[in-house]
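Undergrad: need a 3D model of the sequence below.
(one chain, ligands or ions: 1)
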Amino acid sequence: MVCASCGKEVRQKGRIQFRERCPFCDAPLHTCVHCGFYEKGAYNQCREPKAERQVEKERENRCEYFSASSKAPSAAQVSPQPKAAFDALFSKENGKDT
Ligand SMILES: [Zn+2]
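TA: Numbering: from 1, shown residues only. Model (predicted):
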């Protein structure tokens with residue numbers, strides 16, 4: 001998973017534990033912003049309707065439905081990322097027709 005605070009790749013061994021923190025910046029990892037269900041446009045910003053509402057999305061929570069997100073957090077929260085990765089992604093998409 002990618003840390004929403006520092007943007008570094010965090011290697012997880014199995015499930016993220018409630019108290020687990022980023023080894024690089026010590027940000028809590030068991031948070032909404034790191035969860036696969038987190039979605040800004042959704043009700044309570046969560047795609048899991050049974051999950052308890054978490055008020056602070058960047059605070060560690062005890063949500064049972066937490067599932068580490070495989071996608072990178074929204075760019076706004078992340079400090080500069082290697083842009084090449086994104087460029088590669090887009091050039092692949094664009095090159096489809098040729
Ligand atoms: Zn971090």
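
Undergrad: Ala68 reaches Met1, doesn't it?
TA: Yes. When contacts are counted by C-beta atoms under 8 Å, Ala68 is listed as touching Met1 (4.6 Å). C-beta coordinates here come from the backbone N, C-alpha and C atoms, glycine included.

Undergrad: intersection of neighbour lists for these two?
TA: Residues touching both Ala68 and Met1 (C-beta atoms under 8 Å, 6 or more residues apart in numbering) are 12, 16, 29, 34.

Undergrad: tell me the centre residue of this protein?
TA: His34 (3.4 Å; C-alpha atoms, centre = their mean).

Undergrad: hmm, back to that, in strands, which of the shared contacts of Ala68 and Met1 fall?
TA: Using DSSP state E, no member of these sits in strands.

Undergrad: reformat these as JSON lines; add pLDDT.
TA: Converted to JSON lines, these look like this (pLDDT from 0 to 100):
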{"residue": "Gln12", "pLDDT": "83"}
{"residue": "Ile16", "pLDDT": "93"}
{"residue": "Leu29", "pLDDT": "96"}
{"residue": "His34", "pLDDT": "96"}
